[in-house]
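K.L.:
Sequence plus predicted model, see below.
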Amino acid sequence: MLVDGQGNFGSIDGDSAAAMRYTEIRLAKIAHELMADLEKETVDFVDNYDGTEKIPDVMPTKIPNLLVGAVLTALT
C-alpha cells in the first residue's frame, strides 16, 4: 500500500468511519520512492485543475508500481 492509515476507516460490515479528526493518512515508506526523483524533471509536468500549480503527468519510479500492486493483491 502506498498510504498508511491510522484510525477507524469503517469496515466491510457496514460500520461507518470515525470523524476526520480521528483519522490520519501518511505516505508509506515505499511511496517515498515514487517521489524520489521529481526534482530531476524526468517526467512531464502539467497544470493542476485550476492552473495554479504544476503536477507530474506520471510519477517517476524506481520500482514498477503496477507489479507491486498486483503482488500485494495476490497476497491478500
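P.N.:
Received, thanks.
K.L.:
make it CA atoms for all contacts and neighbour counts henceforth
P.N.:
Fine.
K.L.:
Skipping its backbone neighbours, what lies nearest residue 59 in space?
P.N.:
residue 34 (6.2 Å; CA to CA, 6 or more residues apart in numbering).
K.L.:
residue contacts, the one you found?
P.N.:
Going by CA atoms under 8 Å, 6 or more residues apart in numbering, residue 34 touches 59, 60, 61, 62, 63.
K.L.:
ditto for residue 18
P.N.:
By CA under 8 Å, 6+ apart, the contact set of residue 18 is 7, 8, 9, 10.
K.L.:
Apply 6 Å and report the result again.
P.N.:
residue 8 (CA atoms under 6 Å, 6 or more residues apart in numbering).
K.L.:
start at 2 instead
P.N.:
Taking 2 as the first residue, the last one we looked at is residue 19.
K.L.:
any idea which element it lies in?
P.N.:
Following DSSP states H and E, one finds residue 19 outside all helices and strands.
K.L.:
Check which helix or strand residue 47 maps to.
P.N.:
Short version, using DSSP H and E: residue 47 is in strand 46-48.
K.L.:
buried subset of the contacts of residue 35?
P.N.:
Buried residues within the contacts of residue 35, defined by neighbour count using 16 or more other CA atoms under 10 Å: 60, 61, 62.
K.L.:
what's the closest non-adjacent residue to the second one?
P.N.:
In other words, residue 61. The nearest residue in space to residue 61 (CA to CA, 6+ apart) is residue 35, at 5.9 Å.
K.L.:
do you know how far that neighbour is from residue 3?
P.N.:
When distance is defined by CA to CA, to the nearest Å, residue 35 is 9 Å away from residue 3.
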